[in-house]
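> Structure for this input, please:
(4 chains)
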4 protein chains.
Amino acid sequence: MTQFIKTGSEKVFRDPVLNTIRVKDQVILELIGTSEFQRLRRIKQLGVASAVFHGAEHSRFSHSLGVYEIARQCAEHLERFYPSREPGDGLWDVSERLVLLCAALLHDVGHGPYSHTFEHIFNTDHEAYTQAIILSPSTEIHQVLVKVAPDFPEKVASVIAKTYPNPQVVQLISSQIDADRMDYLLRDAYYSGATYGQFDLSRIIHVMRPYAGGIAFDEKGSYAIEDYVVSRYQMYVQVYFHPVSRSFEVLLQHLLERAKVVYDEGQKDSRVSTAFISPTLQPLFAGNLTLQQYVMLDDSLMLANISAWRYAEDAILSDLATRFIDRKPLKSIVITDETKKLLPTIKQLIDSAGFDTRYYTAENDSFDLPYDAYNPRDKKPRTQIELMQLDGSLKELSTQSPLVEAMTGRIFGNARFFFPREMLVQHAVDDIMAPIYSDFQRYVHNETLVDPVDAGSK
Amino acid sequence: MTQFIKTGSEKVFRDPVLNTIRVKDQVILELIGTSEFQRLRRIKQLGVASAVFHGAEHSRFSHSLGVYEIARQCAEHLERFYPSREPGDGLWDVSERLVLLCAALLHDVGHGPYSHTFEHIFNTDHEAYTQAIILSPSTEIHQVLVKVAPDFPEKVASVIAKTYPNPQVVQLISSQIDADRMDYLLRDAYYSGATYGQFDLSRIIHVMRPYAGGIAFDEKGSYAIEDYVVSRYQMYVQVYFHPVSRSFEVLLQHLLERAKVVYDEGQKDSRVSTAFISPTLQPLFAGNLTLQQYVMLDDSLMLANISAWRYAEDAILSDLATRFIDRKPLKSIVITDETKKLLPTIKQLIDSAGFDTRYYTAENDSFDLPYDAYNPRDKKPRTQIELMQLDGSLKELSTQSPLVEAMTGRIFGNARFFFPREMLVQHAVDDIMAPIYSDFQRYVHNETLVDPVDAGSK
Amino acid sequence: MTQFIKTGSEKVFRDPVLNTIRVKDQVILELIGTSEFQRLRRIKQLGVASAVFHGAEHSRFSHSLGVYEIARQCAEHLERFYPSREPGDGLWDVSERLVLLCAALLHDVGHGPYSHTFEHIFNTDHEAYTQAIILSPSTEIHQVLVKVAPDFPEKVASVIAKTYPNPQVVQLISSQIDADRMDYLLRDAYYSGATYGQFDLSRIIHVMRPYAGGIAFDEKGSYAIEDYVVSRYQMYVQVYFHPVSRSFEVLLQHLLERAKVVYDEGQKDSRVSTAFISPTLQPLFAGNLTLQQYVMLDDSLMLANISAWRYAEDAILSDLATRFIDRKPLKSIVITDETKKLLPTIKQLIDSAGFDTRYYTAENDSFDLPYDAYNPRDKKPRTQIELMQLDGSLKELSTQSPLVEAMTGRIFGNARFFFPREMLVQHAVDDIMAPIYSDFQRYVHNETLVDPVDAGSK
Amino acid sequence: MTQFIKTGSEKVFRDPVLNTIRVKDQVILELIGTSEFQRLRRIKQLGVASAVFHGAEHSRFSHSLGVYEIARQCAEHLERFYPSREPGDGLWDVSERLVLLCAALLHDVGHGPYSHTFEHIFNTDHEAYTQAIILSPSTEIHQVLVKVAPDFPEKVASVIAKTYPNPQVVQLISSQIDADRMDYLLRDAYYSGATYGQFDLSRIIHVMRPYAGGIAFDEKGSYAIEDYVVSRYQMYVQVYFHPVSRSFEVLLQHLLERAKVVYDEGQKDSRVSTAFISPTLQPLFAGNLTLQQYVMLDDSLMLANISAWRYAEDAILSDLATRFIDRKPLKSIVITDETKKLLPTIKQLIDSAGFDTRYYTAENDSFDLPYDAYNPRDKKPRTQIELMQLDGSLKELSTQSPLVEAMTGRIFGNARFFFPREMLVQHAVDDIMAPIYSDFQRYVHNETLVDPVDAGSK
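Residues are numbered from 1 along each chain as shown, chains lettered A, B, ... in the order given. All right, here's what the predicted structure looks like:
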């Protein structure tokens, strides 16, 4: 699978982010070769964000290999320096290696095309599909896993579901500093060109220290951990929250909603054709998708459909598909709790300019907490990052890093309102909408929603 | 378009390979925004090679931006240090800037999905389409270009066709060391992870020296040029000639041939359905594709079709599509002029094992000349690389670099024979084909075709 | 000078940090060639820190070239995008280029060997020497500068002294984000291997915007600025404040103090030889150093002396020189305002173990403010970093970046107490000092000074 | 020692080239702490080349740590994948680990300041000193080694002397692709900024395969090996053979020769003072250096002396020292076997211009063979690089790589003649030597020695 060279009993894939991905377990090689895993080649890691970061075309396949490789390096480190000698000593149980590696490789296998948008519309859940693909006897992945042991698929699935009893294994896959996050931050930074996202992976792995409650980090490595937390923040504000990227998510969501509306109408009214949806995609719209049909979905199927919809009969669907494919994003402005009260007014203006505001406007919030200490009152309390002191005691990261302390518990991000770029056209002399555009533009200053009354008084 | 920031009158795209891509000409920005150019986002630069180098998912869109950026940097260098003062002084004519930049940006705009394979089967020619897209009044690209001047589309097209009168402009786009090659070598190396492909772009640009016959290089930069020639060789032998990548090209070619055969049959025999080919792809098979239909083709359309063909009625098409999509490459061995005589014998064995050798075997040659001095007797004589001496005289590169001298005129590469991986199965105890497999394997040693008689005698 | 290639009228030095350093002004080339500037090759940028970061052997010469190159790139950017059209328009006055470049190149020319330590002992001031070298008619540097214009040396000196009237020129050399800091952060990170110190120089330069009050930054570049502020913090806590590096500073300071004591004694008492100080270094100890003698001082002279002092008659000097040269650092523990009261007690123990605490112990504080907004009440108010909004208005950085806001005005760093490593020896069975060592060790826990009474009660 | 962090029982040094250097053996840590090894901090790896490549100030200390680290990674690879199971199986004997690591660390410990120049003049031999430092009971290094086993110092010394019986151990330290070369190529490239010197270290290590005769490489890694051979060539032609660097070697050699002449005269004639040579350096000139005195020599001592010699009484010594310290290199031209006959003529001109040609001119050849297959007739036959085929057989590298084949056995480099830069002064109207300079310049064209008769006829 992919380019690999064989050394001793090992196979090596060349990877631009991690340099090499090394596989010596036959089960891992076979999992990579399954059709369900190969499908991840056809699903972009960052979905629509490649419309903004043109270099970021990488797939969930390469990310999944990367998570595997980072988990493998963690296991190698723990096995070499901290192998458990007797049960309960809090060190690393070397027999956990394979379940860790399989969970790392398969943690995203249930993702569909443009998952985050997609799931809102079609009520699917990639986490449930990940579990299903691992547990269903019909999949190639299950058939490979079950050869290890009858209960092995369930073990792997439980690591991903965070119900596995060994907290070290779970934290290596899911925590505030896990193989998944470390790979996607490095990989998304590499492919987007947002070089601020770099951090020192090898040093972080090198300072991992197992303890009974999970994975801590030697306090000598606190700078590397601190740098990781900052990089995580930087990738969020620069890449994941990018306003134009969010604009394409809004467009995609609205065009799928519109396609669904037309499809539903077609189900009731035979004069409305539903043939614009290709056969493989029909079950999704019908809402009776089997697992086998689900794993046939990929980006190319979605894109080929949306491309064709540019010529759909429905005018709104056709226009939204054209904006999406030919890359004409909606524009956006920052809104605050204070200025939100102006939204009805400007939506009225957009409506007057001839745009159906259900499909041509949206509010979208992007907020994140780059790091937080454990708080049992949270809905989803986070596993805090622990630094191990010289004497073996643990101290929570933010008590040791003044920079992380400054960031802890702070929410970063913003809320934006999206609308058609036409509303910002200036000097549209021959356009009868020109007065409406001008009126609208009074509400926009420095890419922010403002009250023209206040703005005028300045 | 893509992520850019605006500084002064300039827009900046972030690019992982070149760091930034800077645009200050409105015409370039508008060209990037056309639907024909945006289509390049949906066409992979390396086609099937991403099945081998999993990181290499980058598009022709990012490559085209990159060629533009390198050409822009060249123009900036030439303008700054060597602006022409009077006609015929052999220096850089600053009025050539825009035609250079447009040609750089658009040089690949006629590429279709998996062009090289595709063109063999459907008799299309991406160079002709590039010319057509630039010259046809119906395209958005033409409409942008013609605003510059009525003859501007033709000028741009002639640079790409190498008929433009100024040899400096032509050589910056097409020569042994041009903006196109420099971008694709750097970009393909970055995304494939084949780090051997790196060279020092900024230094190469910095030593460019215009002269009446084209672009030479200051002899102080000879090491950077030498390194570029070596990198080009390295990318060929490692990436472009990779045997597994060629295997997927063979698979793709055979499956498209098979689809064409079935389609042609369906045209004659109404019992054979051609509905497996999606509506947008039908004109291609019918052989009456319009330009407007051509620019609707992209990778997603091809992939969505091939994915669906896994379930086609035709057994060969279905099997080949499955091998292609689920990544089961053909295997290959090196063949030489001497061992080619054994091919009929082993093809007979493959046939006996139940494989139609028209679709399951292939011979494929990959040879290249990393560098050559000008030779007027060649069919396509190459513009040689000239080094400018202290006294202004020119010396051809290989006379100055002993390493390039050693490589000049040497052909690198190999010929391979491709066949189903089943033929290499060992210990297939329950398989009635096992004796045939064993017989076949006598002809294979160290991934090379050998004569079992000779091999036995060793 | 150094390795350069000449392109057009330009000379290019290869630099590992900035790739190339480009010079096209004859005056800059001549300044680089002066003996005063060449002396900077023999003065390490980070002084004793190379004892901790073994890769960080780089000189003030390479740093000075780097500051020049960054200033040159800034000037090129400002000249290209924001050239002043009329006096008072707040844009960049292109006639300031040469004074900027000379000030950038020469800003550190007065540094002596191990300046920071050195100046404490010998009451020299590198800033005063920088001014003197530029202004004194006897230096080669002055002779080069004065060829530009009679008042040119004074102009250059006033930029470095921050009294030059154009605030843009001053801020490019001295502010919270200037060419000096940007070069040393990148360079020290490159050579120390502390990769956290990286930031995106080309983007920062690209978003520079001149205004009447100095240099602002386009708000689209706020992430790059934010990343720079974080990198600055990271370099401080990891490299500049490194406890072992501070330990060598303490050793160096104490050994020079001791050498001075012995020298002063020798002046009074002819039986005490001062011949251990080499002739070139004698004027420094005598306190009557001429400018010409000052510019003969360099690291090699200091090191050759200290190496020889390992065999000095004075036992303390000999021992301290051995610890310094053979790399036996003092150990250190963190102290706080609360635990400082224990210092007399543990110094008493160190004294009892036979160490003269004047030479074998030290308190050393390292604190810094990574960023601060302008505060007129500060002793040295800082020029704050301004972000230019779409409408041209300025906003102070911390109001726009939540991460910088979190760091603004916070002091980072710590205080440490240094003492002989012997005090931490354990199980020193044959050593009569063993009981004293054990007593001492009760005060140390997790590299921190603790009260044994409290510690015992835990 | 240096900056390290401790993880488990391991210490980690941060290194900019290899990222980290990991030590878990107490003996290695103690060796690093010896005064003989610490001395390497004060000896530049590239000697005078830092006058040309200003970034290349790195020491033999960092190189030695690097060779150790690469050897450690090799040992780890061999131990993990190819541990010997029984004597004579040709696999890696894991008990060789420590002797390998010590030899790697200590292989350069006998180097003196500017060794290559130095040894010519003073008849010292760094290889003999390396042996002496390891074997002499008086050194700290010996005392550490002998704690391992009484015969351990001799084992380590024999690996470095290539007389150790296990060819795998010897080849890892000394062969055409060994830890020493791999470190210095990468390190010198990193510090000089000559990025062409990069190659893929981790891949090369990963394809190492032990066999009875030494270390071979898996044929799947042939591209990485090929790239290494090219990088080696590139570093030679660009860095190690750099004409200005060779010019400083010539200057250094001549000034040391002159100092020796003056010293020898002073021994005979008491009116000639030898006090210009500092006490620590006297034994070197006297030719009766003890081992203990030898290990006190370092760059700072040499530089401090040469700096002072700028003011020496002897006019030639003073002038040469000034040219060396203040960086005024000799100029050079390429000479060939054919043009060498002109040297007496131009030396006569140089003599007429007032320069003593013994000290102001030199011929200097720099030639190298980047790779060669084994040739038993060579004076020093090289261990050729072997590629291991799928079936375990070995093939010599140049039979597999057409690029290496093209380079094999070819000698690269050139011969140059060095002379005072004054000879190239043009338009020296007030200089009575001007006619001589003009005459001389007729022999120089494109930095090459030419016959004016031929040149004139062109």
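> how about the strands of the stretch 101-250 of chain A, start to end?
A:208-211, A:214-218 (DSSP state E, counting those that start in this stretch).
> wait, which of these is closest to B:Thr383?
Set against B:Thr383 and scored by CB to CB, the strands of the stretch 101-250 of chain A come closest in strand A:208-211, at 55.6 Å. No exception for glycine: its C-beta is placed from N, CA and C like everyone else's.
> what sits against the residue nearest to A:Glu226 when sequence neighbours are not counted?
Sequence neighbours aside, A:Ser401 is the residue nearest to A:Glu226 in space, at 4.6 Å (criterion: CB to CB, 6 or more residues apart in numbering or on different chains). A:Ser401 is in contact with A:Ser222, A:Ile225, A:Glu226, A:Val229, counting by CB atoms under 8 Å, 6 or more residues apart in numbering or on different chains.
> Need those in JSON lines (columns: distance to B:Glu338 and pLDDT).
Shown next, in JSON lines, are these (distance: CB to CB, whole Å; pLDDT from 0 to 100):
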{"residue": "A:Ser222", "distance to B:Glu338": "64", "pLDDT": "91"}
{"residue": "A:Ile225", "distance to B:Glu338": "61", "pLDDT": "94"}
{"residue": "A:Glu226", "distance to B:Glu338": "63", "pLDDT": "91"}
{"residue": "A:Val229", "distance to B:Glu338": "62", "pLDDT": "92"}
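> from these, which is closest to B:Leu449?
So of the contacts of A:Ser401, ranked by how close each gets to B:Leu449 (CB to CB), first place is A:Ile225, at 54.9 Å.
> secondary structure class for A:Ile333?
Here A:Ile333 is strand, with the state taken from DSSP: H, G, I helix; E, B strand; the rest coil.
> Show the pLDDT at it.
pLDDT for A:Ile333: 97.
> Bridged to it, which residues?
Note on A:Ile333: beta-bridge partners A:Phe417, judged by DSSP bridges.
> For chain D, give me its nearest residue in the stretch 351-458 of chain A.
A:Leu390 (9.2 Å; CB to the nearest CB).
> low-confidence ranges in the stretch 351-458 of chain A?
A:374-381, A:455-458 (pLDDT under 70).
> Which residue ranges of it form helices?
A:357-360, A:397-400, A:402-407, A:434-441, A:452-457 (DSSP state H, counting those that start in this stretch).
> which parts of the first one are buried?
Going by neighbour count (16 or more other CB atoms under 10 Å in any protein chain shown), the buried part of helix A:357-360 is A:Thr357, A:Tyr359, A:Tyr360.
> A:Tyr437: how many residues sit nearby?
Neighbour count of A:Tyr437, defined by other CB atoms under 10 Å in any protein chain shown: 18.
> make that A:Ser366, sorry
So A:Ser366, with other CB under 10 Å, has 18 neighbours.
> likewise A:Asp372?
Residue crowding around A:Asp372 was assessed by other CB under 10 Å; the count is 18.
> which parts of chain A sit against chain C?
A:195-196, A:198-200, A:223-224, A:226-227, A:230, A:233-234, A:237-238, A:389-391, A:402-403, A:406-407, A:410, A:412, A:445-447 (CB under 8 Å from any CB of the partner chain).
> Buried members of those residues into ChimeraX, please.
For the buried members of these, the matching ChimeraX selection, counting by 16+ other CB under 10 Å, is:
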select /A:195,196,198,199,200,223,224,226,227,230,233,234,237,238,389,402,403,406,407,410,412,445
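> What are the structural domain limits within chain A?
Domain segmentation of chain A under automatic domain parsing yields A:4-241+A:372-408, A:243-367+A:414-457.
> Output those domains in CSV; the columns should cover distance to D:Gln293.
CSV is the format used below for the domains of chain A (distance: least, CB to CB, whole Å):
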stretch, distance to D:Gln293
domain A:4-241+A:372-408, 40
domain A:243-367+A:414-457, 69
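> Need the winner for burial among the ones you listed.
Ranked by mean neighbour count under mean count of other CB atoms under 10 Å in any protein chain shown, the domains of chain A are led by domain A:4-241+A:372-408, which reaches a mean of 20.
> Skipping adjacent residues, who's closest to the closest residue to chain C within chain A in space?
Closest approach between chain A and chain C, counting by CB to the nearest CB: A:Ala406, at 3.5 Å. In space, A:Ala406 comes closest to C:Ala406 once its chain neighbours are excluded; the distance is 3.5 Å by CB to CB, 6+ apart.
> show me what contacts the one you found?
Applying CB under 8 Å, 6+ apart, the residues contacting C:Ala406 are A:Leu403, A:Ala406, A:Met407, A:Arg410.
> Then A:Phe417?
A:Ser332, A:Ile333, A:Ile335, A:Leu343, A:Ile346, A:Thr361, A:Ala362, A:Glu363, A:Asn364, A:Leu449.
> name the element the fifth one belongs to?
Read that as A:Ile346. A:Ile346 belongs to helix A:343-352 when elements are defined using DSSP states H and E.
> Now do the longest helix along chain A and strand A:331-335, the angle between them.
The single longest helix within chain A, with elements called by DSSP state H, is helix A:243-268. If you take axes from the mean of the first three to the mean of the last three CA atoms, to 10 degrees, helix A:243-268 sits at 110 degrees to strand A:331-335.
> and helix A:243-268, what does it pack onto?
Under the contact criterion of 3 or more CB pairs under 8 Å, 6 or more residues apart in numbering or on different chains; DSSP states H and E, helix A:243-268 touches helix A:115-122, helix A:282-286, helix A:299-309, helix A:315-325, strand A:331-335, helix A:357-360, strand A:362-368, strand A:412-419.
> how about the fourth one, does it get close to chain B?
Yes. When contact is scored as CB under 8 Å from any CB, part of helix A:315-325 falls within range of chain B: A:Ile325.
> what's the angle from that helix to helix B:299-309?
Using the same axes, to 10 degrees: helix A:315-325 against helix B:299-309 is 110 degrees.
> Which elements pack onto helix A:315-325?
So helix A:315-325, by 3+ CB pairs under 8 Å, 6+ apart, packs with helix A:243-268, helix A:299-309.
> could I get the ones you listed as CSV with mean pLDDT and distance to A:Lys155?
Shown next, in CSV, are the helices and strands packed on helix A:315-325 (pLDDT from 0 to 100; distance: least, CB to CB, whole Å):
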stretch, mean pLDDT, distance to A:Lys155
helix A:243-268, 95, 35
helix A:299-309, 96, 31
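> For A:Glu69, what is the enclosing helix or strand?
helix A:60-81.
> rewinding a little: export the helices of the stretch 351-458 of chain A to CSV and tack on distance to A:Ser307?
Output for the helices of the stretch 351-458 of chain A, formatted as CSV (distance: least, CB to CB, whole Å):
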stretch, distance to A:Ser307
helix A:357-360, 19
helix A:397-400, 47
helix A:402-407, 43
helix A:434-441, 30
helix A:452-457, 41
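> out of those, nearest to A:Lys11?
helix A:397-400 (36.7 Å).
> need the contact list for the closest residue to A:Pro16 other than its chain neighbours.
In this structure, A:Pro16 finds its nearest non-sequential neighbour in B:Gly193, 3.7 Å apart by CB to CB, 6+ apart. By CB under 8 Å, 6+ apart, B:Gly193 lies in contact with A:Arg14, A:Asp15, A:Pro16, A:Val17, A:Asn19, B:Phe53, B:Gly55.
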